[in-house]
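Asker: Got a sequence here, can you model it:
(2 chains)
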2 protein chains.
Amino acid sequence: MKKIGTLFLFLIISIFGLNAQAPKANNEDAFFIRKIYNEALTSNVSYEWLTFLCKKIGARISGSPQAAAAVNYTRQILDTLALDSVWLQPVMVPHWDRGEKEVVRIVGSKSQGDISLRALSLGNSIGTGPAGLTAEVLEVKSLDELDQLGSSQIANKIVFFNRPMDPRPLNTFNAYGSAADQRGSGAARAAKYGAAAVLVRSLTNQLDAHPHTGGMSYQPGIPQIPALGISTLDAEILSDLLKKESVNVYIRNTSRMLSDKLSYNVIGEIKGTEYPDQVIVVSGHLDSWDVGEGAHDDGTGCVQSMEVLHLFKKLGYKPKRTIRCVLFMNEENGLRGGREYAAQALLAKEKHFAAIESDRGGFTPRGFTCESSNPDFEKQLKRLNESFFLLESYGLFLKPGGSGADIGPLKPQGVFLVGFEPDSQRYFDFHHTATDVLEAVNPRELKLGSASMASLIFLMDKFGL
Amino acid sequence: MKKIGTLFLFLIISIFGLNAQAPKANNEDAFFIRKIYNEALTSNVSYEWLTFLCKKIGARISGSPQAAAAVNYTRQILDTLALDSVWLQPVMVPHWDRGEKEVVRIVGSKSQGDISLRALSLGNSIGTGPAGLTAEVLEVKSLDELDQLGSSQIANKIVFFNRPMDPRPLNTFNAYGSAADQRGSGAARAAKYGAAAVLVRSLTNQLDAHPHTGGMSYQPGIPQIPALGISTLDAEILSDLLKKESVNVYIRNTSRMLSDKLSYNVIGEIKGTEYPDQVIVVSGHLDSWDVGEGAHDDGTGCVQSMEVLHLFKKLGYKPKRTIRCVLFMNEENGLRGGREYAAQALLAKEKHFAAIESDRGGFTPRGFTCESSNPDFEKQLKRLNESFFLLESYGLFLKPGGSGADIGPLKPQGVFLVGFEPDSQRYFDFHHTATDVLEAVNPRELKLGSASMASLIFLMDKFGL
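Answerer: As a prediction, this is how the structure comes out:
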């Protein structure tokens, strides 16, 4: 009889239990989300913070004095938000230095004479030494092409990777993903066959005069050679000339890796009232490349993450779970901040409930993409979708997909990871180049991002996963 | 028996007939839409046309030599597209001239001395005469406030309309709609109570130094007084000063209405193969205000409409219905082109099947809004929705709503009217001001608009309404 009773109870719980435990989103929740948007759109704090980061501090590559200033500035801003705690998490970061202005010049062309090309050393690249180097240029469209050409064709040449970003994908990150191997691994692959240096067509949808930098890495056991990006317009000039004649290029850069520096992830949180041990991270990365002002990459993600906490405080929302803003250091050339954060979370046996990252620019929000190694991921996504309809009227989607580089190291811990996805059309106009400045950010688009992330976190916090 | 047979046949038609007549959108259609997008994203024609309109012709207010040049240029471009016909539709348009650079200056402030304010005459405004005028400023927030203040407070003063655009609506056009009465009708209402002139806070979400112009109109029987827009920053300066002291402002502008000029709507079409008498219009307006370059307003709408025809020709699509590109003249200060087009369509007993207008900027497409006076409108929308799912994966919505000013006069003819709706966040940063230039347009966002409109027209053409 007792057994039957238990079975009966189990059935009752099975049938009704889930609904009893899962409150449905209602008008009050819809109204609160509207309040989040209203507050974000009528306030200007995130844009003011971004203005300081861009105009008073500027580009802030890991290990630089500017990065240190950005740590102090954002920490002090978080201190003003009346959070439950604000702290710095130490992390050793690489310190790469561009050195003197790069020189890349077509030399002694029969038809054109000398032509200066607009170039930037790729991040982590070594330099040519003060004398520079001159070599013949070999154009290729892919890394695999190098394996076919082999040492006989490649040795002592400057390999010029010139595969453009495909204009067809609507989401420009897809085209970026398909072209970025040239920048990241081109030098190592070319060096394997004895190349002297590499030039890489900039990763942008625009045909313009701005060279883009970005991370590259060497392979153990393969010689390190200089790697530089040239603007898309200059890539066209060089490619056109190569169709007519053999071309020699002179390259001079003095880039170098310095010793590691102590830096920090900047963290602030509102403690949860019911489940303080369950942490929801909202994040961006504080470091940037050393050109432009790190506006869209990723000043916007940082100030949006800070604004999420500000919005909750301003509206008097007391989250059930702990909401933590993390401004990661060193996303661009090492990911040390993201790795350290995940390692420390594991050590401290912290339970991360969810993490969201904004690192695709401060453009009009389109939605969120989610991933997790948790076997219950599909169930979690379904659960979130039950309340997400409230955000559909704000033009947002929710679907499986990638999240963010800095929160990626949390994946093995089974955390529900979310990537904030703004409209992608303009991102690569500014990415890693001198034009990534405050003026490229529209204040309303920026604020809508803060509001969208705050709203999603509100739903996850209130209704669980 | 015959009757039962007829009834039976009727039932059969009722049950199966609709499906038999309405082919379902399938993979082939999805593939064709992808081809439209691929072609638009890999080509650059619309951006090149826009570059010419902006950089070689520039601002092109109705009646100006630049407007005439724009007529000739676009007509000749249409001539190169191998269309079935290209023609000009004559229309008399007003010719308003801004005159000399406006002077608006706070004079003799006790605390501040003189301060120049950045101003533009509103379109259609009269001038002060060469001597200008000086009067005390009265700030108001609404037209109704004037009725309460009455002549005793208003007579001989400069009325300063200073109600900002509400930052809260996600769609900035809603906020624009709620604030635009100050610009359009403010002068007439203030003149009713004896005001000397009006200053209007610019209609933009930005707090910046750019004055915006835009249409205004006078009322019969009420004196005409000068009306000028001042930048939002200057509106703040003026308003702040008014909190401390009474303020006099000097205004000088020499704007005036000249005699009507002959101009044209520019039209080109591909004749339908099955229903050549059923016309689908795709449109923008060729005139602009006389500041900036008329890039987003509405150069983008024009080149997108032209590109729709180009895409169909390039892809070898032979539409069942006639697809007609119409570049309307005089949307900004008279709507004469739109009215003339509708009047001529009625005269010629042309059957307009649908009309779409792009006049909300060349930003990333978000969707389409539709309206019609046809009693079958809901059925038509439902029918279109049956194939529209193919465009949902492109991030587009379809819903009832406004269409466009130029196609509006077709409404009494029961035409299915569609407004193309791009993302609205940035539009009023550039609208009617000196910053509406080519550089404000992202080429990919522009092209996505052409592709979205071509795809919608393809669905309407192939599957009907």
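
Asker: ok, so what distance separates A:D287 from chain B?
Answerer: 27 Å (CB to the nearest CB, to the nearest Å). C-betas here are computed from N, CA, C, even on glycine.

Asker: Am I right that that residue falls within a strand?
Answerer: No: per DSSP: H, G, I helix; E, B strand; the rest coil, A:D287 lies outside any strand segment and is coil.

Asker: residues touching it, list them.
Answerer: Contact partners of A:D287, counting by CB atoms under 8 Å, 6 or more residues apart in numbering or on different chains, are A:60-62, A:67, A:70, A:93, A:294, A:328-332, A:337.

Asker: With A:A70 instead?
Answerer: A:53, A:57, A:60, A:286-287.

Asker: could you dump the host helix or strand of it to PDB, C-alpha only?
Answerer: Following DSSP states H and E, one finds A:A70 within helix A:65-79. In PDB, the C-alpha atoms belonging to helix A:65-79 read as follows (Å, rounded to 0.1, in the frame of the first residue of the first chain):
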ATOM      1  CA  PRO A  65      49.700  51.100 -19.500                       C
ATOM      2  CA  GLN A  66      46.400  51.700 -21.200                       C
ATOM      3  CA  ALA A  67      45.100  48.200 -20.200                       C
ATOM      4  CA  ALA A  68      46.200  48.900 -16.700                       C
ATOM      5  CA  ALA A  69      44.300  52.200 -16.800                       C
ATOM      6  CA  ALA A  70      41.200  50.500 -18.100                       C
ATOM      7  CA  VAL A  71      41.400  48.000 -15.200                       C
ATOM      8  CA  ASN A  72      41.500  50.800 -12.700                       C
ATOM      9  CA  TYR A  73      38.800  52.900 -14.400                       C
ATOM     10  CA  THR A  74      36.200  50.100 -14.700                       C
ATOM     11  CA  ARG A  75      36.900  48.800 -11.200                       C
ATOM     12  CA  GLN A  76      36.200  52.300  -9.900                       C
ATOM     13  CA  ILE A  77      33.000  52.600 -11.900                       C
ATOM     14  CA  LEU A  78      31.900  49.200 -10.600                       C
ATOM     15  CA  ASP A  79      32.700  50.600  -7.100                       C
END
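
Asker: List the buried residues of that helix.
Answerer: A:66-71, A:73-75, A:77-78 (16 or more other CB atoms under 10 Å in any protein chain shown).

Asker: what kind of secondary structure is the residue in the stretch 201-350 of chain A positioned nearest to chain B in?
Answerer: Of all residues in the stretch 201-350 of chain A, A:N205 sits closest to chain B, at 5.9 Å by CB to the nearest CB. Per three-state DSSP, the secondary structure class of A:N205 is coil.

Asker: measure it to B:T74 for me?
Answerer: Distance, A:N205 to B:T74, using CB to CB, to the nearest Å: 26 Å.

Asker: Show me what the next helix or strand along the chain from the helix holding A:A70 is packed up against.
Answerer: Using DSSP H and E, the helix or strand that follows helix A:65-79 towards the C-terminus is strand A:85-97. On a contact count with 3 or more CB pairs under 8 Å, 6 or more residues apart in numbering or on different chains; DSSP states H and E, strand A:85-97 meets helix A:65-79, strand A:256-270, helix A:336-347.

Asker: so where's the longest helix in chain A?
Answerer: Ranked by number of residues, the top helix in chain A under DSSP state H is helix A:443-463.

Asker: Figure out how far that one is from the centre of its chain.
Answerer: Centroid displacement of helix A:443-463 relative to its chain, using CA atoms, centre = their mean, to the nearest Å, is 18 Å.

Asker: average pLDDT for it?
Answerer: The predicted model gives helix A:443-463 an average pLDDT of 98.

Asker: just to revisit the earlier point, contacting residues for the residue of the stretch 201-350 of chain A closest to chain B?
Answerer: A:165, A:167, A:172, A:175, A:425, A:428-429, B:443-444.

Asker: So for it, what's the pLDDT?
Answerer: The model's pLDDT for A:N205 equals 95.

Asker: Dihedrals phi and psi, it?
Answerer: phi -80, psi -10 (degrees, to the nearest 10).

Asker: same deal with A:Y250?
Answerer: Given degrees, to the nearest 10, the pair of backbone angles that A:Y250 has is phi -100, psi 130.

Asker: and if you look at A:N174?
Answerer: phi -70, psi -40.

Asker: helix/strand/coil for the closest residue to it other than its chain neighbours?
Answerer: Distances taken as CB to CB, 6 or more residues apart in numbering or on different chains place A:D166 nearest to A:N174, at 8.0 Å, with adjacent residues excluded. Secondary structure, three-state DSSP: A:D166 is coil.
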